[in-house]
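Prediction below, plus the sequence it came from.
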Amino acid sequence: MPESRVHVVTFGCRANQYDSSMMGRLLDRSPSTDGNVPDVFVLNACTVTALADRKARQAARRIRREHPNSRIVLIGCLAEAVAQGWTSFGEANLLAGNAWKPRIVEAVQRARFGETGRLPAAEPGPIDHEVGTGDPGRVRAYLKVQDGCSGACAYCRPRLVRGRPRNKPVDAAAAEAASLVRSGFPEIVLTGINLSQYAPGDGTLADVVRSVLAIDGLRRLRLASINPSGLSVALLDAFAEDPRACAHFHVPLQSGDDRVLRRMGRGYTVADYLEAIDAARRALPHATFGTDVIVGFPGEDDAAFANTCRIVKTVGFVNLHPFRYSARSGTAAATFSEQVPERTKRVRADALARHWRTDRRRRLDKRIGSTDHVLVEERRGRTWRGYTSDYVYVHFISEEEIPVGCVRPVRIVAVGNEHLEGTID
């Protein structure tokens, strides 16, 4: 019989992906499957939208069908939501909140011994005790330097289940990054629940950037999502000092209408957002941007949606993720009046995506004939694939053998479906 083992299944954000690598290290197992029969499945699940909840439930039901003798531990944000009574999850044997992630070995043992229900609530420990290993087979490793949020976004359940902000000290973050680079990851992505609130007491996010860039062997450094207030002069200066710091910033917009932003509790106006983008472009003329947009938030009318479309075109985002608003029990927005019909949300989300793709195509067409440096991530036949520093996916042809993880200059010759096409320059 194959040896029993633990299998970690991950849903959601980069912070969750980091947490799974950390739990895999503690379990002395990789989060990826290797064909052995698991006796415990750990579902590290997200609760940001109703769709996220549904995906976790579907996965749990599939596990129940395919592995009826295995036990399921639901851990993380969705388990916290269940504990608060905001949703249910009858498919799991054991429920464990986010604070149990560094104690995953104990949680798994308790599941194996037949314990059921919810594990006791626990206070999160110091974040510097959490150390990830990256995902084997990838060139990009996530490094969580911050967790939790003290914001007041009316729609956001993660801020309610992640707790108050916690910060990894600069030295601890740099040491972890150095370990990841030595393990073969040429690109590091700094991530957190709200990176703009990073304040460890021994420095700033700019100090982390500079410390990581000092590591021998690092080829690229990126930031995950960061709110507009996080694009400080010091951070932008740190990025401007080293070309390995990728000047691509994912800055959530959520809405391009001031009235909707106020109802959301985002804490900035459209003018504030555009000033943050302009400041980044002044410091880094070649900077590019990605964003998240929520369509159909309570009170969003046709005029507000048109304002959002206008801002999306004004900024010219390289990446955009449109989300249909999902009312989450426990959040203030779930009780708001002027809820938008589901059909209207779908229509607006589709329209925004088309609006953005058309504009993006025009921008990508202008790159034909230019040369971009691509970090090679995989090979399929004679086609190699990877990302530019500004996070555009590139497929290119090469007759020579190219090691995964190296950077190559690629001449762009065409625009494909959601990617650029090129040849080795």
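Now that the structure is in, tell me what you want to look at. Numbering: from 1, shown residues only.

So which residues of the stretch 101-250 of the chain form strands?
Secondary structure of the stretch 101-250 of the chain (DSSP state E, counting those that start in this stretch): strands located at 117-118, 140-144, 146-147, 166-167, 187-191, 220-223, 248-250.

Switch those strands over to TSV; also include mean pLDDT and distance to residue 344.
The way it works is simple: take the backbone N, C-alpha and C, and place the C-beta from them, glycine included. Output for the strands of the stretch 101-250 of the chain, formatted as TSV (pLDDT from 0 to 100; distance: least, C-beta to C-beta, whole Å):
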stretch	mean pLDDT	distance to residue 344
strand 117-118	95	38
strand 140-144	96	35
strand 146-147	96	35
strand 166-167	96	39
strand 187-191	97	33
strand 220-223	97	34
strand 248-250	98	27
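
so which of those gets nearest residue 49?
For the strands of the stretch 101-250 of the chain, the distance to residue 49 is smallest for strand 248-250, at 17.8 Å, taking C-beta to C-beta.

which residues sit against the closest one?
Applying C-beta atoms under 8 Å, 6 or more residues apart in numbering, the set of residues contacting strand 248-250 from outside is 222-226, 231, 280, 287-292, 318-319, 389-391.

For the helix of greatest length in the chain, list every residue counted as buried.
For the chain, the helix that runs over the most residues, judged by DSSP state H, is helix 342-365. By neighbour count with 16 or more other C-beta atoms under 10 Å, helix 342-365 contains the buried residues 344-345, 348-349, 352, 355-356, 359-360, 364.

Which residue ranges of the stretch 101-250 of the chain form helices?
Counting by DSSP state H, counting those that start in this stretch, the segments of the stretch 101-250 of the chain that form helices are 104-112, 158-162, 170-182, 205-213, 233-240.

starting at the chain centroid, how far to stretch 49-67?
With C-alpha atoms, centre = their mean, to the nearest Å as the basis, stretch 49-67 stands 20 Å off its chain's centre.

nope, stretch 165-183 is what I was after
Mean C-alpha position of stretch 165-183 versus that of the full chain (C-alpha atoms, centre = their mean) differs by 18 Å.

And it, what's buried?
By neighbour count on 16+ other C-beta under 10 Å, the buried set for stretch 165-183 is 165-170, 172-181.

low pLDDT regions in the stretch 51-200 of the chain?
Counting by pLDDT under 70, the stretch 51-200 of the chain has no low-confidence residues at all.

Tell me which other helices or strands the helix or strand where residue 310 lies touches.
In the assignment (DSSP states H and E), residue 310 maps to helix 302-315. In terms of contact count using 3 or more C-beta pairs under 8 Å, 6 or more residues apart in numbering; DSSP states H and E, helix 302-315 is assigned the packing partners helix 258-264, helix 270-283, strand 288-295, helix 342-365.
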